[in-house]
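J.: The following block contains a protein sequence and its predicted model.
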Amino acid sequence: MSETSNTDDILPLRYAGLLLRMIAGLADIGVIWLFAWLVSSLLGLPFLAGTADQLADTERVHMLIAIVLFCAWLYMAGLETSGLQATLGMAVMGIYIADMAGARAGMGRTTIRFWMRFLSMAPMGSGFLPILLTRRRQAVHDMFAGCVVLKR
């Protein structure tokens, strides 16, 4: 009688590449920009450009930045922690966030991932290059958070 290994039932993790992640990221930036535009309208600030007097009102400009950053964090980290495990852009592209074992990442990991994304963006997005070079296709912010981006 031969014994079968339990590893036969385990599916390999399918890591998402740069193109899927870029398209999802652009969609999510669109969602965040729409929200920022709505908040700036409520604060009476022009969204992309303003007069010197409007921009001199640093209290409202700083309030806009703080509100948008807070809501962007809630949007991204919250949805990545949810049952969906993905932001809206990621869900459309069929990719999701997981911890290194492929399980749902917690709010701590997704929060670290969100804030470390700014490190990946500077200088000139070089923190995204490891996606092309690593086996698990992780960017710098994924490595810091102990997360991977997987295909459904």
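T.: Alright, I've got the coordinates.

J.: buried stuff in the worst-scoring helix or strand of the chain on mean pLDDT?
T.: Lowest by mean pLDDT, DSSP states H and E among the helices and strands of the chain is helix 52-56, with a mean of 73. The neighbour-count check on helix 52-56 (16 or more other Cβ atoms under 10 Å) flags nothing as buried. (Each C-beta comes from the backbone N, C-alpha and C, glycine too.)

J.: need the next SSE after that helix, C-terminal direction.
T.: helix 58-81 (DSSP states H and E).

J.: and the closest residue to L79 other than its chain neighbours, what are its phi and psi?
T.: Nearest residue to L79, sequence neighbours excluded (Cβ to Cβ, 6 or more residues apart in numbering): T87, at 4.8 Å. Backbone torsions for T87, taken as degrees, to the nearest 10, come to phi -70, psi 170.

J.: The one 3 residues further on now?
T.: Listed backbone geometry of M90 is phi -70, psi -40, with angles given as degrees, to the nearest 10.

J.: hang on, isn't it packed against L26?
T.: No: using Cβ atoms under 8 Å, M90 is not in contact with L26, being 11.4 Å away.

J.: Compare those two (neighbour count), which wins?
T.: M90 (26 against 10; other Cβ atoms under 10 Å).
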